[in-house]
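Asks: Turn this into a model:
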Amino acid sequence: MTLSTDPTTRSTAHVDLLVGGMTCASCVGRVEKKLNRIDGVTARVNLATASASVDYDPSSTDEETLVRTVEKTGYTASPAVDGAAPDDDQDRVGADLRRRLLVSAPLTAVVLVLMMAPGIPHNPAITWLAVALTAPVLLYGGWPFHRAAAVNARHAASTMDTLVSLGTTVAFLWSLYLAATGAEESYLEVAATVTTFLLLGRWSESRAKHRAGSALRELLHLGAKQATVLDEDGTERLADVAMLRPGMRFLVRPGEQVATDGRVLEGRSGVDESMLTGESLPVDKAVGDDVIGATLNTSGRLVVEVTRVGRDTALSRITTLVSNAQAGKAPVQRLADRISAVFVPVVLVIAALTLLTWVLAGQPFDAGFTAAVAVLVIACPCALGLATPTAMLVGTGRAAQLGIVIRDATVLESTRRIDTVVLDKTGTVTTGRMSVHDVVARDPDAVRLAGALEGSSEHPLGRAIAGFAADQGPERATVADFQNHEGIGVSGTVDSRTVRVGRAPSDSAELPGDLGEAVDRARDAGRTAVLVHLDNEPAAVFAVGDTVKDSSEEAVRRLHELGLATYLLTGDHRTAAAHAARAVGIERVLAEVMPADKAGTVARLQQEGRTVAMVGDGVNDAAALVQADLGVAMGTGTAVAIEASDLTLMSGDLRAAGDAIELSRRTLRTIKQNLFWAFAYNVVGIPVAALGLLDPMLAGAAMAASSVCVVGNSLRLRGFRPSRG
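Replies: This next block holds a predicted model:
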């Protein structure tokens, strides 16, 4: 359980419950409805993961009450460990279905031969032999259906299992009556084959769902189990990762996993981060660099200081986000939820009306009975319940493998509507690593004083100037009255002189000749001109530049291929912004935009009728990411930007933005395909069965096949290949 408290709102807690016994969309609807009726509870139930994601007010309810509520509804429930269903529980269910199938299949084959093969006489001995062979199929093979139907009946409810149990049991009992009266008709093959086909479908579905969740399970099992801890005296000892605490040091040798998130204190090495970012090339790490838990050290020896452990680590946070997304429901699922809530009772009525209509029409009773059983069997809403969650399970899992973290299921709808992408320049299109390319100074102290002042700044331009000044010869300077003027620059007193560093004016003619020429040269080269004032007089111009990422041009081309308009958004001068835009193929530039105005700029594009995705990486992008219809954060950016986004690109490679949008679109398209076929299957199948044109055996096979097809269609998302290789 996790607990969060906000002084302006009531406390909320979260728990993931494993829910056993759910078999269709009707089960999901019942459990969800019961949980949401509890005061202060918001629950989302997922058939594919057999789980319920529950937010609740701990002052009005608790975990025990939630579990009891699910159990009273007719299902089993228990709090999940780390939000994921244990593999052994899934394996146990699959193994049980397999055992029942192995018993039922050969017996059913014999029953089919006895009842349908030409040349075999239909005498009482053959019929009673078929009864004896069908009974274990119905009772042992079909027990999961009958047990669930009985539990639901005790709670005055009906689900897919009700339809299966009722259809097969009625067919068997009616056949038993016919055998006792000496009649030649029999429906034993219907009872046996429907049960076996549904068992086969349920077992195949179980295996497919297990494969669908493989990506998330891989994430859960990635982390190292032990770490080599360095004590204060330098001695090494093995310890469980769970024992690590912030501030502790541990050793990572070549070929070992990084035990948890930390910062490099000693050494240099290449670290393979592909399990989180999707990038195959190792990333160089040196003293001061951050490393992520569960990544692989490929070469040198590293000494790392622990910064985050447990649920605070990057891996744990990603796993939580992926789990939440998989548990969520896309808006397109709401129609399916409303239909499934009343589906089974309606089918029961249709089956009864089918039998009554046939009888009143003067047709043989056995024909009407066969049609009614076919209606019960063909209508089972398994595929309807699996349509959305399996696609979400596979799509978000595949995205996580590629370093793309989807925060919520509603993101899929947002991604489909996107027609415009706004790209922040620094750190998104460019590397974000600023350096001084040129400097023209009228005062010999200008570089030293500007560098000292910028040493207190967090801005990339300021850090570049501070680093450049330090390289020229580090000299101590006294800084006082430091002030940061957001979007403009910094000012203060350095060694008793008034220093102001900020953007050069738009009109370079306002500056003395050599400084004005330096500003023009910098802008023509696509760099930012930074002006230094000493004692309120222009004293120097720094030409500070960033470099465009190697992959940015390809990334922008991919966005255009997806039919998206692109804008470059930056606080830089128009000339510098236009230079970067030309380098990557962006035609529309929004330059000289103050950080506080970025969200407003996105809002204006939305007012023009555009559906906007914002891609950024900095603190000053957070508001724009929230304002946008789809916020996309670079994983190499700040935590604030990542928290404000809907999608996170862990690699920092802009090409992943196109991959994220395409994969999201494919996932939503797969959900719609699944729902269409699930609805179409029932809309077409029920009338055909009611008209007597569908044999119950074929109905059972078709029903089982529909669920497997829906899951199989979702599994195609595992084959998605990113553009970045």
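Asks: And stretch 143-153, how far out from the chain middle?
Replies: 34 Å (Cα atoms, centre = their mean, to the nearest Å).
Asks: which parts of that stretch are buried?
Replies: Buried residues in stretch 143-153, counted by 16 or more other Cβ atoms under 10 Å: 144-146, 148-149, 151-152. Heads up, the C-betas are built off the backbone N, CA and C, glycines and all.
Asks: With just CA atoms, put that stretch into PDB.
Replies: The C-alpha trace of stretch 143-153 is given here as PDB (Å, rounded to 0.1, in the frame of the first residue of the first chain):
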ATOM      1  CA  TRP A 143     -15.900 -27.800 -13.300                       C
ATOM      2  CA  PRO A 144     -14.300 -24.300 -13.500                       C
ATOM      3  CA  PHE A 145     -17.300 -23.100 -15.500                       C
ATOM      4  CA  HIS A 146     -19.900 -24.800 -13.100                       C
ATOM      5  CA  ARG A 147     -18.100 -23.600 -10.000                       C
ATOM      6  CA  ALA A 148     -18.000 -20.000 -11.200                       C
ATOM      7  CA  ALA A 149     -21.600 -20.100 -12.300                       C
ATOM      8  CA  ALA A 150     -22.700 -21.500  -8.900                       C
ATOM      9  CA  VAL A 151     -20.800 -18.700  -7.000                       C
ATOM     10  CA  ASN A 152     -22.400 -16.100  -9.300                       C
ATOM     11  CA  ALA A 153     -25.800 -17.600  -8.800                       C
END
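Asks: any residues touching it, and which ones?
Replies: 21, 23, 74-75, 96-97, 100, 139, 158-159, 161-162, 164-166, 168-169, 195, 198, 202 (Cβ atoms under 8 Å, 6 or more residues apart in numbering).
Asks: Out of those, which sit inside helices?
Replies: 96-97, 100, 161-162, 164-166, 168-169, 195, 198, 202 (DSSP state H).
Asks: Of those residues, which is the most crowded?
Replies: residue 195 (33 neighbours; other Cβ atoms under 10 Å).
Asks: what residue ranges in the stretch 301-450 of the chain are flagged as low confidence?
Replies: 318-341, 380-386, 409 (pLDDT under 70).
Asks: quick one: the strands in it?
Replies: With strands called from DSSP state E, counting those that start in this stretch, the stretch 301-450 of the chain shows them at 302-308, 404-406, 420-424, 435-441.
Asks: Would you confirm that residue 494 contacts residue 481?
Replies: No - checked against Cβ atoms under 8 Å, the pair residue 494 and residue 481 is beyond contact range at 9.6 Å.
Asks: So for those two, which sits in the more crowded spot?
Replies: Ranked by neighbour count (other Cβ under 10 Å), residue 494 and residue 481 place residue 494 first, with 22 against 10.
Asks: Now that one. Nearest residue, chain neighbours left out?
Replies: Nearest non-adjacent residue to residue 494, counting by Cβ to Cβ, 6 or more residues apart in numbering: residue 449, 4.6 Å away.
Asks: and the one you found, what does it touch?
Replies: Taking Cβ under 8 Å, 6+ apart, we find residue 449 in contact with 477, 494-495, 497, 499, 532, 534.
Asks: List buried residues within those.
Replies: 477, 494, 497, 499, 532, 534.
Asks: Which one of these is nearest to residue 655?
Replies: Checking those against residue 655 by Cβ to Cβ gives residue 532 as the nearest, at 37.8 Å.
Asks: Which strand or helix spans the closest one?
Replies: Assigned by DSSP states H and E, residue 532 falls within strand 528-534.
Asks: For that strand, give me every contacting residue.
Replies: Against strand 528-534 from outside (Cβ under 8 Å, 6+ apart): 441, 443, 445-446, 449-450, 461, 465, 489, 497-505, 508, 511, 515, 518-519, 522-523, 538-545, 572-573, 576.
Asks: so of those, which ones are in strands?
Replies: 441, 489, 497-503, 538-545 (DSSP state E).
Asks: Only the buried members of the residues you listed: can you turn that into a ChimeraX selection?
Replies: A single ChimeraX command is used to select the members of those judged buried by 16+ other Cβ under 10 Å:
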select :441,489,497,499,500,501,502,503,538,539,540,541,542,543,544,545
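Asks: all helices for the stretch 101-250 of the chain, in order.
Replies: Listed in chain order, the helices of the stretch 101-250 of the chain (DSSP state H, counting those that start in this stretch) span residues 124-136, 143-154, 160-180, 188-212, 214-220.
Asks: now, of these, which is deepest in the fold?
Replies: helix 188-212 (a mean of 24; mean count of other Cβ atoms under 10 Å).
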